[in-house]
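fold the following, please.
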Amino acid sequence: MANLWTGTVDTQGEYENLATLASISFTADTTYTIQSLTGEYFLREGETGDGFIIQPQEKVQYTAGVDDLYIKTLPIYSGRVKINIAD
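This is a model prediction of the structure:
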């Protein structure tokens, strides 16, 4: 597993494209591991829906497809979470 990006994200309660924020490109049919190092956040595929809440230290397996992956940080953590993305 190769680390692609570790950084702090603050979306101010709005959904934003995770690849854009991390300055990476997700490759179709590739599975990525995304882990929150600090704080809770929401993830969703595509531009609609509420997404899924991700707890601190929880690892998420994401297989890139047609839709982009979006992240929303929560004000309870001052809007900032530190996450790691690996393939």
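
could you list the low-pLDDT ranges of the protein?
Residue ranges of the chain with pLDDT under 70: 77.

show me the helices in it, by range?
All helices of the chain, identified by DSSP state H, fall at 18-22.

what lies in contact with stretch 20-33?
The contact list for stretch 20-33, computed with C-beta atoms under 8 Å, 6 or more residues apart in numbering, reads 1, 4-5, 7, 9, 11, 19, 59-66, 68-69, 71, 84-87. Every C-beta, even on glycine, is put in place using the N, C-alpha and C of the backbone.

identify the residues contacting the closest residue to Asp67 other than its chain neighbours.
Distances taken as C-beta to C-beta, 6 or more residues apart in numbering put Gly46 closest to Asp67, at 3.9 Å, once the chain neighbours are dropped. By C-beta under 8 Å, 6+ apart, Gly46 lies in contact with Asp67, Asp68, Tyr70.

so the last one makes contact with Leu18?
I take that to be Tyr70. Yes: contact criterion C-beta atoms under 8 Å: Tyr70 and Leu18 qualify, at 6.4 Å.

overlap in contacts, the two.
Common neighbours of Tyr70 and Leu18 (C-beta under 8 Å, 6+ apart) are Leu43.

re earlier: and of the contacts of Gly46, the nearest to Ile76?
Tyr70 (18.9 Å; C-beta to C-beta).

the residue lying closest to that closest one once chain neighbours are set aside and Arg44, how far apart?
In space, and not counting its chain neighbours, Tyr70 is closest to Tyr15: 4.3 Å by C-beta to C-beta, 6+ apart. Applying C-beta to C-beta, to the nearest Å, the value for Tyr15 to Arg44 is 7 Å.
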